[in-house]
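Trainee: no sequence for this one, just the structure:
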């Protein structure tokens, strides 16, 4: 089952904890976030490349899983959510991805159940052709980039300087 | 003179008459040419011979000219004159049959020959190789043919073997019998084979039965295994529910203005520094009460009953949330209430066990914590740079030294060369996943705690990790507290390896037998609690230990002892007081994940630990959590499975 999209871009209880580490190591959290952003960009680009070249779902799964870990660790929960979708699509554990309207709507607390928005979400997932998953991952990747920009804005605001 | 078998067989044999096919020893003797004694076996032949020799009826029967055969000239007269007088045959055909039985043969003649025969057209000429004129001796060789008896079959083999008294036998008979015997199977052989077949049959049957039983056994085991797994999950669910309920209870209490010790339940609104001495002191008296009620109420807590209700000690106890039998908390409202009132420190799943002393000093922000010594060497196996930074930052914050490798293969080779107090292992990594790496590491290192860090926290995944030899699972993303809980769980009763080595260098004097069986993860330590009484006594000492600041030999030893179990090779068993250890164990027993129950003794102390309590208080409080955990032990043992922290 696809989990609901988190409303908040940032899970502050997580990020605050990291920020609190700045006490004895100023810039620690910021450095970490900058590192994440580089990592995320790189990963997005890798995904893009795979979508256009090898079309290797397994590789996309790995990259999704990878970025899910680091984004979640920083409390960037919406990015993590999209990454999880990419991971699961790569595994063919899911076969749908909400439209960008739905994703956007969730941001403003418009809580549309992803399952209702999603086309099919059955218990016995039919195995579709790879191209279907690749297409969905393509959409998800676009959403991930969007979410990334949103997070970047939010974080820039927080740190009071563009990241 | 013996006829070949072939000949024998080819001869026409008539089987009609009497002593058929019976071979006997007598006949064998007779069959022998050299045997001079004649059995009267061929009277018929001799009679005929005599008639011919004497030439009694020359115009009826006589030798042929050459003397090699005889001829019946007139069968009619032969039948009417000779047969009635000399033989018992009633007709000529019968006589001829008898001749045939002795292997006489009618000499065949073509019609022309017959016409030209000197003895007349109707004459019958018979011959036998040994039946010749004037040669009486040769008669010995004339024997009645053995008739092939169809009845002589394998199933009758006994008959064939049995010496028989039958009389009329000859070479041919014997030869025929031999032939049959040669082709037949003797009874012995037959029986032997039969026995073998029977035995094989038996073996086959028993093998079948065995495999059937094995199958049954396997199915039984399988279903048992499934049952166990199921019950584990059930247990986990129950446990989770209990934790939820407990947390709800805590929050309700909290909302009603009852302040709970932070390590039991942390209200978000609570400030870290809110702990007050006042509370601690109030708690002290209350603790006594709680202890009493608790001990009275539940048998599970019996060990505590022996404890003197020394306010100080109980306060001390309170500082360390001891594990309390689950049943106690559930069944005994009094205890729970008391605990609640007293702000009983109950370890909260979400928050690490509380460290009252050391932590308090060094890490002001860790309100709730057990003592975690500094200097633990942790191997972090993780491929994500962000996670590495974050995690190692946290670890360093907790006084650990961190080494990082980024895949499973590197982890294996590193662990082959170096020892670590703890390993944090990501699951999904390049080259080799964490679970597989762990199973390999386990082939040469079964002691070092290896904690899985993963986002996959499905039940099935958890089982897989544990099956691979991982000790526990730290769900990603985890908070500092989650990590701390895990560290406490596995390291709180240990001395960092590096310190052990130093220690070993110095402390060679104390070699006490280590009685407690402390599990690697420290959770199993419940056993040591048999000494709970001791724990109380040593409360003060252990308190010192917990302070950890002081280089108390005692304290170290205590830790060292538990350590020794887990990493024997590095340790000299320099544990000092077993009792000491008992107390330590007590403290250690409750793993963060275990539902804290109404720990009356603890309750008093709970206040103590509440941050802000003067160090001295905490120190003393720390030691004595005499809560006996026999009851908890079961829980504790199963715990890794149960504790999916963040799910």
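Mentor: Here it is on my side, so go on. Computed from a prediction, not measured in an experiment: that's the story for all the values here. Residues are numbered from 1 along each chain as shown, chains lettered A, B, ... in the order given.
Trainee: buried set for stretch A:33-45?
Mentor: Buried residues in stretch A:33-45, counting neighbours by 16 or more other CB atoms under 10 Å in any protein chain shown, are found at A:33, A:35, A:36, A:37, A:39, A:40, A:43, A:44. Where C-beta positions appear, they are placed from N, C-alpha and C, glycine not excepted.
Trainee: and that stretch, anywhere near chain B?
Mentor: Yes: using CB under 8 Å from any CB of the partner chain, stretch A:33-45 reaches chain B at A:35, A:36, A:39.
Trainee: list the contacts for the last one?
Mentor: Residues in contact with residue A:39 (CB atoms under 8 Å, 6 or more residues apart in numbering or on different chains) are A:67, A:70, B:384, B:385, B:386.
Trainee: same thing but 10 Å
Mentor: A:66, A:67, A:70, A:71, B:384, B:385, B:386 (CB atoms under 10 Å, 6 or more residues apart in numbering or on different chains).
Trainee: so which helix or strand takes in it?
Mentor: If you go by DSSP states H and E, residue A:39 is part of helix A:28-52.
Trainee: just how off-centre is that helix within its chain?
Mentor: How far helix A:28-52 lies from its chain's middle: 11 Å, per CA atoms, centre = their mean, to the nearest Å.
Trainee: what's around residue 46, how many residues?
Mentor: All of this is about chain A. Residues lying near residue A:46 (other CB atoms under 10 Å in any protein chain shown) number 16.
Trainee: Chain B, not that one
Mentor: 17.
Trainee: how close does it get to chain A?
Mentor: 104 Å (CB to the nearest CB, to the nearest Å).
Trainee: Report pLDDT for that residue.
Mentor: Reported pLDDT at residue B:46 in the predicted model: 87.
Trainee: That one is in contact with residue B:142, isn't it?
Mentor: Yes: using CB atoms under 10 Å, residue B:46 is in contact with residue B:142, at 9.0 Å.
Trainee: circling back: closest one of the residues of stretch A:33-45 next to chain B to residue B:377?
Mentor: Distance to residue B:377 across those (CB to CB) is lowest for residue A:35, with 25.0 Å.
Trainee: I'd say that closest one and residue A:41 touch.
Mentor: No: at 11.1 Å, residue A:35 does not count as touching residue A:41 under the criterion of CB under 10 Å.
Trainee: where are the low-confidence patches of the stretch 1-150 of chain B?
Mentor: Judged against pLDDT under 70, the low-scoring parts of the stretch 1-150 of chain B cover residues B:1-41, B:146-150.
Trainee: packing partners for the helix or strand where residue B:501 lies?
Mentor: For residue B:501, the host element (DSSP H and E) is helix B:497-506. Helices and strands touching helix B:497-506, by 3 or more CB pairs under 10 Å, 6 or more residues apart in numbering or on different chains; DSSP states H and E, are helix B:553-566.
Trainee: Quick check: mean pLDDT of the helix it packs on?
Mentor: Averaging pLDDT along helix B:553-566 gives 36.
Trainee: Can you give me the buried ones in the strand or helix carrying residue A:62?
Mentor: Using DSSP H and E, residue A:62 sits in helix A:57-73. Buried residues in helix A:57-73, counted by 16+ other CB under 10 Å: A:57, A:60-73.
Trainee: tell me the angle of that helix relative to helix A:28-52?
Mentor: 160 degrees (axes from the mean of the first three to the mean of the last three CA atoms, to 10 degrees).
Trainee: Give the buried residues for the next helix or strand after helix A:57-73.
Mentor: Per DSSP H and E, helix A:57-73 leads on to helix A:77-90 as the next helix or strand towards the C-terminus. By neighbour count with 16+ other CB under 10 Å, helix A:77-90 contains the buried residues A:77-90.
Trainee: same thing with stretch A:136-152?
Mentor: A:136-141, A:143-148, A:150-152.
Trainee: Of these, which belong to helices?
Mentor: Here DSSP state H is the test, and the buried residues of stretch A:136-152 give A:136-141, A:143-148, A:150-152 as lying in helices.
Trainee: out of those, which one sits closest to residue B:77?
Mentor: For those, the minimum distance to residue B:77 (CB to CB) is 124.1 Å, reached by residue A:136.
Trainee: For the closest one, report the pLDDT, please.
Mentor: On the pLDDT scale, residue A:136 is placed at 93.
Trainee: residue contacts, the closest residue in space to it that isn't next to it in sequence?
Mentor: Nearest residue to residue A:136, sequence neighbours excluded (CB to CB, 6 or more residues apart in numbering or on different chains): residue A:97, at 4.4 Å. Residue A:97 sits next to A:2, A:82, A:85-86, A:88-89, A:103, A:114, A:117-119, A:133, A:135-141, A:143 when contact means CB under 10 Å, 6+ apart.
Trainee: who in chain B is up against chain A?
Mentor: Residues of chain B lying close to chain A (CB under 10 Å from any CB of the partner chain) are B:268, B:365, B:382-391, B:393-394, B:396-397, B:426-430, B:453-456, B:476-481.
Trainee: From the residues you listed, keep the buried residues only.
Mentor: B:382-391, B:393-394, B:397, B:426-429, B:453-456, B:476-481.
Trainee: Show me the residues you listed that map onto helices.
Mentor: Those of those lying in helices (DSSP H): B:385, B:386, B:387, B:388, B:389, B:390, B:391, B:393, B:394, B:397, B:480, B:481.
Trainee: Let me have those residues in TSV, extended by pLDDT.
Mentor: Converted to TSV, these look like this (pLDDT from 0 to 100):
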residue	pLDDT
B:385	88
B:386	89
B:387	90
B:388	90
B:389	88
B:390	89
B:391	91
B:393	88
B:394	89
B:397	87
B:480	85
B:481	86
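Trainee: Save those as JSON lines, and put in distance to residue B:124 too.
Mentor: Shown next, in JSON lines, are those (distance: CB to CB, whole Å):
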{"residue": "B:385", "distance to residue B:124": "125"}
{"residue": "B:386", "distance to residue B:124": "126"}
{"residue": "B:387", "distance to residue B:124": "123"}
{"residue": "B:388", "distance to residue B:124": "124"}
{"residue": "B:389", "distance to residue B:124": "129"}
{"residue": "B:390", "distance to residue B:124": "128"}
{"residue": "B:391", "distance to residue B:124": "124"}
{"residue": "B:393", "distance to residue B:124": "131"}
{"residue": "B:394", "distance to residue B:124": "129"}
{"residue": "B:397", "distance to residue B:124": "133"}
{"residue": "B:480", "distance to residue B:124": "131"}
{"residue": "B:481", "distance to residue B:124": "129"}
